[in-house]
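# Let's see this in three dimensions:
(one chain, ligands or ions: 1)
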Amino acid sequence: MLDGQLHKDLRLNSYGSYLRHRFQCRVSKVNVDGGFTCPNRDGSRGTDGCIYCNNSSFSPAGTQPVIPIETQMAEGMAYHRRRLGSAKFIIYFQKFTNTYAPVEKLRDLYQRALAHPDVLGISIGTRPDALSNEALDLLTGLARNHYVCLELGLQSMDDAILRRINRGHTLAEYLQAVDRLAGRGIELCTHLIYGFPGETRAGFLRTADLMASLPVNSLKIHQLHAVQGTELAQMYWRGEFTPLSHGEYVAAVCDFLERIPPQITIQRLYGSAPLAIRVAPNWDLKNNQMWYSVVNELKRRGSWQGCRLTGECCKAANSEW
Ligand code: SF4
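Purely as a prediction, here's the structure:
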(Lines give C-alpha, C1' and ligand atoms only; values in the text may rest on other atoms or scores of the structure.)
Protein backbone atom coordinates (compact mmCIF):
# COMPACT_ATOMS: atom_id res chain seq x y z
CA MET A 1 0.00 0.00 0.00
CA LEU A 2 1.27 3.44 -0.90
CA ASP A 3 2.63 5.34 2.10
CA GLY A 4 0.57 8.45 2.94
CA GLN A 5 3.57 10.69 2.25
CA LEU A 6 3.66 9.65 -1.40
CA HIS A 7 1.80 11.41 -4.19
CA LYS A 8 -0.78 8.80 -5.15
CA ASP A 9 -0.45 9.36 -8.90
CA LEU A 10 3.32 9.84 -8.97
CA ARG A 11 4.08 6.98 -6.54
CA LEU A 12 6.90 9.03 -5.04
CA ASN A 13 7.29 11.88 -2.58
CA SER A 14 7.79 14.87 -4.84
CA TYR A 15 9.48 17.93 -3.38
CA GLY A 16 6.94 20.21 -5.08
CA SER A 17 4.08 18.49 -3.26
CA TYR A 18 6.03 18.60 -0.01
CA LEU A 19 6.54 22.36 -0.29
CA ARG A 20 2.92 22.92 -1.20
CA HIS A 21 1.72 20.92 1.75
CA ARG A 22 4.18 22.49 4.18
CA PHE A 23 3.61 26.12 3.12
CA GLN A 24 -0.01 25.80 1.91
CA CYS A 25 0.68 27.54 -1.41
CA ARG A 26 2.61 27.00 -4.63
CA VAL A 27 6.33 27.52 -3.96
CA SER A 28 9.04 27.82 -6.62
CA LYS A 29 12.79 27.77 -6.35
CA VAL A 30 14.47 30.77 -7.96
CA ASN A 31 18.11 30.40 -9.01
CA VAL A 32 20.56 33.15 -8.28
CA ASP A 33 24.26 33.48 -8.89
CA GLY A 34 26.08 34.85 -5.85
CA GLY A 35 29.42 35.21 -7.63
CA PHE A 36 31.12 32.29 -5.88
CA THR A 37 33.99 30.13 -7.04
CA CYS A 38 34.78 26.50 -6.20
CA PRO A 39 37.67 24.93 -4.23
CA ASN A 40 37.94 22.33 -6.98
CA ARG A 41 38.66 25.08 -9.47
CA ASP A 42 40.56 27.81 -7.64
CA GLY A 43 43.46 25.55 -6.65
CA SER A 44 42.49 24.90 -3.04
CA ARG A 45 41.45 21.33 -3.92
CA GLY A 46 42.14 21.33 -7.62
CA THR A 47 42.10 23.46 -10.72
CA ASP A 48 40.39 21.35 -13.37
CA GLY A 49 37.07 20.79 -11.61
CA CYS A 50 34.89 17.71 -11.87
CA ILE A 51 35.20 16.08 -15.29
CA TYR A 52 31.57 16.87 -16.16
CA CYS A 53 31.53 20.45 -14.87
CA ASN A 54 30.71 23.32 -17.12
CA ASN A 55 28.73 25.75 -15.02
CA SER A 56 26.86 27.16 -17.97
CA SER A 57 25.24 23.74 -18.30
CA PHE A 58 23.31 24.20 -15.08
CA SER A 59 22.73 27.92 -14.88
CA PRO A 60 19.73 29.47 -16.55
CA ALA A 61 20.54 32.50 -18.62
CA GLY A 62 20.16 35.72 -16.67
CA THR A 63 21.86 34.69 -13.45
CA GLN A 64 25.18 36.45 -13.72
CA PRO A 65 27.21 37.46 -10.65
CA VAL A 66 27.48 41.07 -11.80
CA ILE A 67 23.71 41.40 -11.53
CA PRO A 68 22.58 42.24 -7.97
CA ILE A 69 20.73 39.30 -6.46
CA GLU A 70 17.67 41.48 -5.87
CA THR A 71 17.42 41.95 -9.65
CA GLN A 72 17.98 38.26 -10.32
CA MET A 73 15.34 37.38 -7.73
CA ALA A 74 12.81 39.84 -9.16
CA GLU A 75 13.21 38.39 -12.65
CA GLY A 76 13.03 34.79 -11.44
CA MET A 77 10.02 35.39 -9.21
CA ALA A 78 8.15 37.23 -11.99
CA TYR A 79 8.82 34.30 -14.33
CA HIS A 80 7.52 31.70 -11.85
CA ARG A 81 4.51 33.82 -10.90
CA ARG A 82 3.59 34.17 -14.58
CA ARG A 83 4.29 30.58 -15.60
CA LEU A 84 3.13 28.62 -12.54
CA GLY A 85 1.18 31.05 -10.42
CA SER A 86 3.70 30.64 -7.59
CA ALA A 87 3.00 32.74 -4.52
CA LYS A 88 6.15 32.17 -2.45
CA PHE A 89 9.77 31.41 -3.23
CA ILE A 90 12.93 29.69 -2.08
CA ILE A 91 16.08 31.39 -3.32
CA TYR A 92 18.52 28.82 -4.65
CA PHE A 93 22.23 29.71 -4.61
CA GLN A 94 23.26 27.23 -7.26
CA LYS A 95 26.34 28.11 -9.26
CA PHE A 96 29.72 26.84 -8.02
CA THR A 97 30.16 26.42 -4.21
CA ASN A 98 27.86 28.72 -2.31
CA THR A 99 29.40 28.47 1.16
CA TYR A 100 32.93 29.03 -0.12
CA ALA A 101 33.54 32.65 0.91
CA PRO A 102 34.15 34.68 4.06
CA VAL A 103 31.18 34.47 6.40
CA GLU A 104 30.53 38.23 6.01
CA LYS A 105 29.84 37.74 2.30
CA LEU A 106 27.62 34.75 3.04
CA ARG A 107 25.65 36.67 5.66
CA ASP A 108 25.15 39.63 3.33
CA LEU A 109 23.90 37.49 0.43
CA TYR A 110 21.68 35.15 2.43
CA GLN A 111 20.10 37.98 4.43
CA ARG A 112 19.42 40.01 1.28
CA ALA A 113 17.68 36.98 -0.23
CA LEU A 114 15.59 36.44 2.91
CA ALA A 115 14.63 40.11 3.18
CA HIS A 116 12.00 39.82 0.43
CA PRO A 117 8.51 39.35 1.93
CA ASP A 118 7.64 36.55 -0.52
CA VAL A 119 10.80 34.56 0.20
CA LEU A 120 10.30 31.64 2.58
CA GLY A 121 13.85 30.43 2.66
CA ILE A 122 17.12 29.65 0.94
CA SER A 123 18.68 26.59 -0.60
CA ILE A 124 22.48 26.50 -0.74
CA GLY A 125 24.37 24.30 -3.20
CA THR A 126 27.80 23.32 -1.87
CA ARG A 127 30.48 20.66 -1.37
CA PRO A 128 31.15 18.62 1.78
CA ASP A 129 34.67 20.07 2.08
CA ALA A 130 33.55 23.70 1.96
CA LEU A 131 31.56 24.06 5.16
CA SER A 132 33.28 26.22 7.75
CA ASN A 133 31.99 26.23 11.33
CA GLU A 134 31.14 29.93 10.84
CA ALA A 135 29.04 29.17 7.76
CA LEU A 136 27.22 26.38 9.57
CA ASP A 137 26.52 28.62 12.57
CA LEU A 138 25.21 31.34 10.25
CA LEU A 139 22.85 28.89 8.52
CA THR A 140 21.76 27.50 11.89
CA GLY A 141 20.78 30.99 13.02
CA LEU A 142 18.86 31.67 9.80
CA ALA A 143 17.10 28.30 10.06
CA ARG A 144 15.45 29.39 13.33
CA ASN A 145 13.11 31.67 11.38
CA HIS A 146 13.32 30.47 7.79
CA TYR A 147 13.40 27.38 5.64
CA VAL A 148 17.09 26.56 5.04
CA CYS A 149 18.23 23.66 2.89
CA LEU A 150 21.84 22.69 2.28
CA GLU A 151 22.36 20.87 -1.03
CA LEU A 152 25.46 18.71 -0.68
CA GLY A 153 27.05 17.22 -3.76
CA LEU A 154 28.13 13.63 -3.19
CA GLN A 155 27.52 12.28 -6.72
CA SER A 156 28.93 8.83 -5.93
CA MET A 157 29.65 6.96 -2.69
CA ASP A 158 32.51 5.11 -4.37
CA ASP A 159 35.85 6.80 -3.62
CA ALA A 160 37.43 5.21 -6.72
CA ILE A 161 34.76 6.89 -8.88
CA LEU A 162 35.15 10.17 -6.97
CA ARG A 163 38.87 10.06 -7.78
CA ARG A 164 38.24 9.20 -11.45
CA ILE A 165 35.85 12.11 -11.89
CA ASN A 166 38.25 14.47 -10.12
CA ARG A 167 35.68 15.32 -7.50
CA GLY A 168 38.29 16.41 -4.96
CA HIS A 169 36.54 15.00 -1.88
CA THR A 170 35.80 11.61 -0.38
CA LEU A 171 32.76 9.77 0.94
CA ALA A 172 34.19 10.22 4.47
CA GLU A 173 34.09 14.01 4.03
CA TYR A 174 30.45 13.83 2.96
CA LEU A 175 29.61 11.69 6.02
CA GLN A 176 31.42 14.14 8.31
CA ALA A 177 29.44 17.02 6.82
CA VAL A 178 26.18 15.11 7.39
CA ASP A 179 27.19 14.58 11.03
CA ARG A 180 28.03 18.26 11.50
CA LEU A 181 24.59 19.27 10.17
CA ALA A 182 22.73 17.18 12.72
CA GLY A 183 20.41 19.00 15.12
CA ARG A 184 20.77 22.41 13.44
CA GLY A 185 17.31 22.64 11.87
CA ILE A 186 18.83 22.71 8.39
CA GLU A 187 17.33 20.42 5.74
CA LEU A 188 19.78 18.24 3.84
CA CYS A 189 19.47 17.53 0.13
CA THR A 190 22.05 15.20 -1.46
CA HIS A 191 22.99 15.34 -5.13
CA LEU A 192 23.73 12.06 -6.93
CA ILE A 193 24.61 11.14 -10.49
CA TYR A 194 24.26 7.75 -12.18
CA GLY A 195 26.20 6.57 -15.19
CA PHE A 196 29.88 7.23 -14.41
CA PRO A 197 32.38 5.23 -16.47
CA GLY A 198 32.89 1.94 -14.67
CA GLU A 199 29.84 2.38 -12.41
CA THR A 200 27.43 -0.54 -12.08
CA ARG A 201 23.73 -0.49 -11.29
CA ALA A 202 24.48 -2.52 -8.15
CA GLY A 203 26.94 0.15 -7.04
CA PHE A 204 24.38 2.89 -7.63
CA LEU A 205 21.79 0.95 -5.64
CA ARG A 206 24.17 0.68 -2.68
CA THR A 207 24.00 4.49 -2.62
CA ALA A 208 20.23 4.20 -2.15
CA ASP A 209 20.84 2.04 0.91
CA LEU A 210 23.30 4.62 2.25
CA MET A 211 20.82 7.47 1.70
CA ALA A 212 18.12 5.45 3.48
CA SER A 213 20.40 5.15 6.51
CA LEU A 214 21.17 8.89 6.81
CA PRO A 215 19.11 11.94 7.91
CA VAL A 216 18.66 13.06 4.31
CA ASN A 217 15.53 15.15 3.67
CA SER A 218 15.61 15.23 -0.12
CA LEU A 219 17.49 13.93 -3.15
CA LYS A 220 18.44 15.22 -6.56
CA ILE A 221 19.41 12.54 -9.06
CA HIS A 222 20.41 12.85 -12.66
CA GLN A 223 22.05 10.90 -15.44
CA LEU A 224 25.67 11.64 -16.27
CA HIS A 225 25.69 13.79 -19.36
CA ALA A 226 28.55 15.33 -21.25
CA VAL A 227 28.52 18.96 -22.31
CA GLN A 228 30.97 20.96 -24.35
CA GLY A 229 33.97 22.40 -22.56
CA THR A 230 34.41 19.42 -20.23
CA GLU A 231 36.84 16.55 -19.89
CA LEU A 232 33.85 14.20 -20.08
CA ALA A 233 33.03 15.44 -23.58
CA GLN A 234 36.63 14.69 -24.61
CA MET A 235 36.27 11.20 -23.13
CA TYR A 236 33.05 10.69 -25.09
CA TRP A 237 34.73 11.70 -28.34
CA ARG A 238 37.69 9.40 -27.55
CA GLY A 239 35.25 6.52 -26.91
CA GLU A 240 36.01 6.36 -23.18
CA PHE A 241 32.52 7.31 -22.00
CA THR A 242 29.41 5.49 -23.14
CA PRO A 243 26.26 7.27 -21.96
CA LEU A 244 23.40 5.28 -20.51
CA SER A 245 20.38 4.54 -22.64
CA HIS A 246 17.16 6.17 -21.52
CA GLY A 247 15.72 2.74 -20.68
CA GLU A 248 18.68 1.73 -18.53
CA TYR A 249 18.54 4.99 -16.64
CA VAL A 250 14.80 4.81 -15.99
CA ALA A 251 15.09 1.22 -14.78
CA ALA A 252 17.97 2.06 -12.44
CA VAL A 253 16.17 5.10 -11.02
CA CYS A 254 13.05 3.02 -10.32
CA ASP A 255 15.19 0.36 -8.61
CA PHE A 256 16.76 3.20 -6.61
CA LEU A 257 13.47 4.82 -5.61
CA GLU A 258 12.07 1.49 -4.45
CA ARG A 259 14.87 1.50 -1.82
CA ILE A 260 14.36 5.11 -0.64
CA PRO A 261 12.18 5.71 2.45
CA PRO A 262 8.94 7.55 1.67
CA GLN A 263 9.76 10.50 3.92
CA ILE A 264 12.68 11.54 1.68
CA THR A 265 11.43 13.95 -0.96
CA ILE A 266 12.58 13.81 -4.57
CA GLN A 267 13.68 17.13 -6.00
CA ARG A 268 15.02 15.96 -9.36
CA LEU A 269 15.12 12.79 -11.44
CA TYR A 270 16.79 14.02 -14.58
CA GLY A 271 19.33 16.54 -15.78
CA SER A 272 19.22 18.55 -18.97
CA ALA A 273 21.71 20.84 -20.60
CA PRO A 274 21.09 23.57 -23.16
CA LEU A 275 20.99 22.08 -26.66
CA ALA A 276 23.78 24.41 -27.78
CA ILE A 277 26.35 22.70 -25.53
CA ARG A 278 24.84 19.22 -25.12
CA VAL A 279 27.11 16.41 -26.32
CA ALA A 280 25.64 13.13 -25.01
CA PRO A 281 23.31 11.48 -24.29
CA ASN A 282 20.67 13.16 -26.36
CA TRP A 283 17.37 11.67 -25.29
CA ASP A 284 15.52 14.74 -26.47
CA LEU A 285 12.96 14.65 -23.67
CA LYS A 286 11.46 17.53 -21.76
CA ASN A 287 11.74 17.48 -17.96
CA ASN A 288 8.15 16.40 -17.44
CA GLN A 289 8.46 13.65 -20.09
CA MET A 290 11.46 12.29 -18.22
CA TRP A 291 9.66 12.57 -14.89
CA TYR A 292 6.69 10.64 -16.32
CA SER A 293 8.85 7.94 -17.88
CA VAL A 294 9.98 7.11 -14.32
CA VAL A 295 6.44 7.39 -12.93
CA ASN A 296 5.06 5.17 -15.71
CA GLU A 297 7.74 2.55 -15.10
CA LEU A 298 6.84 2.48 -11.37
CA LYS A 299 3.20 2.02 -12.39
CA ARG A 300 4.08 -0.75 -14.85
CA ARG A 301 5.98 -2.56 -12.11
CA GLY A 302 3.26 -1.98 -9.53
CA SER A 303 5.89 -0.44 -7.28
CA TRP A 304 6.52 2.87 -5.53
CA GLN A 305 9.14 4.77 -3.55
CA GLY A 306 10.26 2.70 -0.59
CA CYS A 307 8.23 -0.39 -1.41
CA ARG A 308 11.25 -2.69 -1.10
CA LEU A 309 11.81 -1.52 2.47
CA THR A 310 8.56 -3.11 3.56
CA GLY A 311 8.61 -6.00 1.10
CA GLU A 312 5.29 -4.81 -0.35
CA CYS A 313 6.42 -4.64 -3.97
CA CYS A 314 4.56 -7.28 -5.87
CA LYS A 315 5.45 -7.22 -9.53
CA ALA A 316 8.45 -5.04 -8.94
CA ALA A 317 11.16 -7.64 -8.77
CA ASN A 318 12.78 -7.01 -12.13
CA SER A 319 12.74 -4.45 -14.83
CA GLU A 320 12.42 -5.32 -18.50
CA TRP A 321 15.36 -3.19 -19.58
S1 SF4 B 1 32.17 20.95 -7.26
FE2 SF4 B 1 30.59 21.76 -8.61
S3 SF4 B 1 31.34 23.75 -9.30
FE4 SF4 B 1 33.08 22.65 -8.41
S5 SF4 B 1 34.10 21.67 -10.13
FE6 SF4 B 1 32.68 20.16 -9.30
S7 SF4 B 1 30.73 20.43 -10.41
FE8 SF4 B 1 32.02 22.24 -10.80
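
# ok, which stretches of the stretch 101-250 of the chain are helices?
103-114, 133-143, 159-164, 171-181, 201-212, 231-237, 246-257 (DSSP state H, counting those that start in this stretch).

# now the angle from the fifth one to helix 246-257?
Yep, that's helix 201-212 we're talking about. Relative orientation of helix 201-212 and helix 246-257, computed by axes from the mean of the first three to the mean of the last three CA atoms, to 10 degrees: 30 degrees.

# follow-up on the earlier one: which one of the helices of the stretch 101-250 of the chain lies nearest to S17?
helix 246-257 (14.9 Å; CB to CB). Where C-beta positions appear, they are placed from N, C-alpha and C, glycine not excepted.

# Show me how far the helix or strand following the closest one is from its chain's centre.
From helix 246-257 onward toward the C-terminus, using DSSP states H and E, the following helix or strand is strand 265-268. Centroid separation between strand 265-268 and its chain, computed with CA atoms, centre = their mean, to the nearest Å, is 8 Å.

# Up against the ligand, what does the stretch 51-200 of the chain have?
Contact residues, the stretch 51-200 of the chain versus the ligand (CB under 6 Å from any ligand atom): C53, F96, T97, R127, G153.

# ok, and which of the helices of the stretch 101-250 of the chain has the densest surroundings?
Compared across these, helix 246-257 shows the largest average neighbour count, a mean of 22 (mean count of other CB atoms under 10 Å).

# Outside of it itself, list whatever touches it.
12, 194-195, 201, 204-205, 207-208, 221, 223, 244, 266, 269, 281, 283, 285, 293-294, 297-298, 301, 303-306, 319-321 (CB atoms under 8 Å, 6 or more residues apart in numbering).

# Dump the helices of the stretch 101-250 of the chain to CSV, plus mean pLDDT.
Formatted as CSV, those follow (pLDDT from 0 to 100):
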stretch, mean pLDDT
helix 103-114, 98
helix 133-143, 98
helix 159-164, 98
helix 171-181, 98
helix 201-212, 98
helix 231-237, 97
helix 246-257, 98
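
# Tell me which of the ones you listed sits nearest to R83.
R83 lies closest to helix 103-114 among these, at 20.6 Å (CB to CB).
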